[in-house]
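>>> fold the following.
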Amino acid sequence: MYQKENSSWVKHADFTICDMLCLQLAFVLAYWIRNGIDQPYETELYRNVAVVMFLIQLMVTFFNESFSGVLRRGMLVELKKTFEQCTLVCLLVLAYMFLLRIGNNYSRMILLITYVLYICFSYCGRQALKKFLKDHRYEESEKRSLLIVTVSENADNVVETIRKNNYGTYHLAGIVFMDCDKKGASVCGVPVVAGKEDMISYIHKNWIDEVFFAVPKEIPIPEQMIKDCSAMGVVIHMRLATMKSLGKNQVVEELGGYTVLSSSIHIVTPRQMFVKRAMDIAGGLVGCLFTGIAAIFLVPAIKIKSPGPAFFSQVRMGKNGRPFKIYKFRSMYMDAEERKKELMKQNNIKDGMMFKMDDDPRIIKGVGHFIRKTSLDEFPQFWNILKGDMSLVGTRPPTMDEWEKYELHHRKRLAIKPGLTGMWQVSGRSDITDFEEVVELDTKYIAEWCLKLDIEILVKTVMVVFRGSGAK
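Here you go, the predicted structure:
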């Protein structure tokens, strides 16, 4: 699933806020320089003009798209853009005063000093913010893993262009050459991880969020390669100069200085993802509170029945193959993972892609069955949700051994963050025994995702849990 870029004024809200602070700081300092250490906001006359400045600045930023492409601008271009922005804002403030015939009520010296300081502060603020974003915009775990597909001749230029315009958005996972096999080499510190023939296999088994095809027109991109990437739910970016048929969900975007045609199983807006994350945080906070209360009773009960840690942690595969550690209340005996191999013959899932069995002997008698029946064992995952590893609603995260067995189309179910609950859970939970049916339901959820669907699944989950249907 791919999130579209915000429009410039929303995308660069940080620059807008910085610019607003610079203007107000310039205004306060100008007032101090002219009238001594005093507070301009305590005077109704100057408090009103401060509000007018704020509104005019916001209007200019919105209609003029002042920060469109701000991260790509050089120092001289930024100085020019800053001068234009500050001059336009101050001219409109003067026009407002002229139209209302209130200009004589204000000190012209204060307005002039404000203008000069505004230019200085705004320019320095923009440059400092760009430097900060380039170094600290995203934590390593928040970056999207990008695989570059190009030719050996252009590789250096492509990598440097993306790095120059990256600002921490992407982790460059590796390079694939379409014209030669140099696996094991590196380009500007980025490893060549696969060749044309084994690229799909590499994507299949590794954490790759997006693939960028930067290939000249003369070198054709195999149609099957595009289809296989789509089948795995990987976001595809294609330079407009090398356009191919990418499917119906397409959007023209910008990637590291390149204009690309992006395609994904489902394209969502930043607003939708913001609301989904807000729901996750709210749900995670409430869930962690209930987890703490439940732990008071469950921790001693688990330890009495089965000595050892009350919590169980395990590495699972998250969105697009990104590993993370999942947490649960321990509902099984300490040797459960070792005994799993012995019990594989009794697995209800026909192809062994998941493990479910009736009357699992590894479950702790009494308390283990109770917390699994009531789904209390899943409550510690609210911490995963709060951290951002998981979402309230998503797809079930596979174990490492399950992930190793995945075919190409199975990977598509990880095109979204894993969830505490999901479409297949409310469609029968443990009653489903065909993994392909699970994949079909998960793929349907991702392709049709909307906030309304999440709410419906959450409501159904509560009903399913209270009925205890399908839980084992």
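>>> please make it C-alpha for all contacts and neighbour counts, starting now.
Noted.
>>> next, count neighbours for Pro220.
11 (other C-alpha atoms under 10 Å).
>>> Met390 now?
Neighbours of Met390 (other C-alpha under 10 Å): 27.
>>> quick one: contacts of the helix or strand hosting Met225?
In this structure, Met225 sits in helix 223-231 according to DSSP states H and E. Under the criterion C-alpha atoms under 8 Å, 6 or more residues apart in numbering, residues 200, 235-236, 246, 264-265, 408-409, 411-412 lie in contact with helix 223-231.
>>> switch to 6 Å and redo it
His409 (C-alpha atoms under 6 Å, 6 or more residues apart in numbering).
>>> any buried residues in that helix, and which?
226, 228-231 (16 or more other C-alpha atoms under 10 Å).
>>> which pair in those spans the largest distance?
Ile226 and Ala231 (8.6 Å; C-alpha to C-alpha).
>>> so how far is the helix or strand immediately after the helix holding Met225 in the chain off the chain centroid?
Following helix 223-231 in sequence order, the next helix or strand is strand 235-239 (DSSP H and E). Mean-position distance between strand 235-239 and its chain equals 17 Å (C-alpha atoms, centre = their mean, to the nearest Å).
>>> can you dump the C-alpha coordinates of strand 235-239 into PDB?
Output of strand 235-239 as PDB, limited to C-alpha atoms (Å, rounded to 0.1, in the frame of the first residue of the first chain):
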ATOM      1  CA  VAL A 235       5.300  -0.300  -4.600                       C
ATOM      2  CA  ILE A 236       6.800   0.300  -8.100                       C
ATOM      3  CA  HIS A 237       8.200   3.600  -9.200                       C
ATOM      4  CA  MET A 238       9.000   4.000 -12.900                       C
ATOM      5  CA  ARG A 239      10.700   7.000 -14.400                       C
END
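>>> any idea which helix is longest in the chain?
Secondary structure of the chain per DSSP state H: the longest helix is helix 270-305.
>>> after that one, next one along is what?
strand 311-317.
>>> flag the shaky bits of the stretch 51-200 of the chain, pLDDT-wise.
Applying pLDDT under 70 to the stretch 51-200 of the chain flags residues 135-141, 166-168.
>>> TSV for the buried residues of helix 223-231, including distance to Val151 and pLDDT?
Converted to TSV, the buried residues of helix 223-231 look like this (distance: C-alpha to C-alpha, whole Å; pLDDT from 0 to 100):
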residue	distance to Val151	pLDDT
Ile226	17	86
Asp228	20	88
Cys229	19	87
Ser230	22	86
Ala231	24	86
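>>> pick out whichever of those sits closest to Gly174.
Cys229 (15.7 Å).
>>> now that closest one: how far from Pro220?
As defined by C-alpha to C-alpha, to the nearest Å, Cys229 lies at a distance of 16 Å from Pro220.
>>> please apply the same query to Phe63.
42 Å.
>>> how close does Glu78 get to Thr291?
Relative to Thr291, and taking C-alpha to C-alpha, Glu78 is found at 50 Å.
>>> so between those two, which is more surrounded?
Per other C-alpha under 10 Å, whichever of Glu78 and Thr291 has more neighbours is Thr291, with 22 against 18.
>>> so who does that one touch?
Phe379.
>>> against Phe379, how distant is it?
6 Å.
>>> over to Val315?
Counting by C-alpha to C-alpha - Val315 and Phe379 are separated by 17 Å.
>>> neighbour count winner among these two?
Comparing Val315 with Phe379 by other C-alpha under 10 Å, the one with more neighbours is Phe379, at 23 against 14.
>>> which residues touch the more buried one?
Thr291.
>>> for it, phi and psi?
phi -60, psi -40 (degrees, to the nearest 10).
>>> swap in Ser145?
Per degrees, to the nearest 10, the backbone of Ser145 is at phi -80, psi 120.
>>> Asn347 now?
According to degrees, to the nearest 10, Asn347 has phi -60, psi 130.
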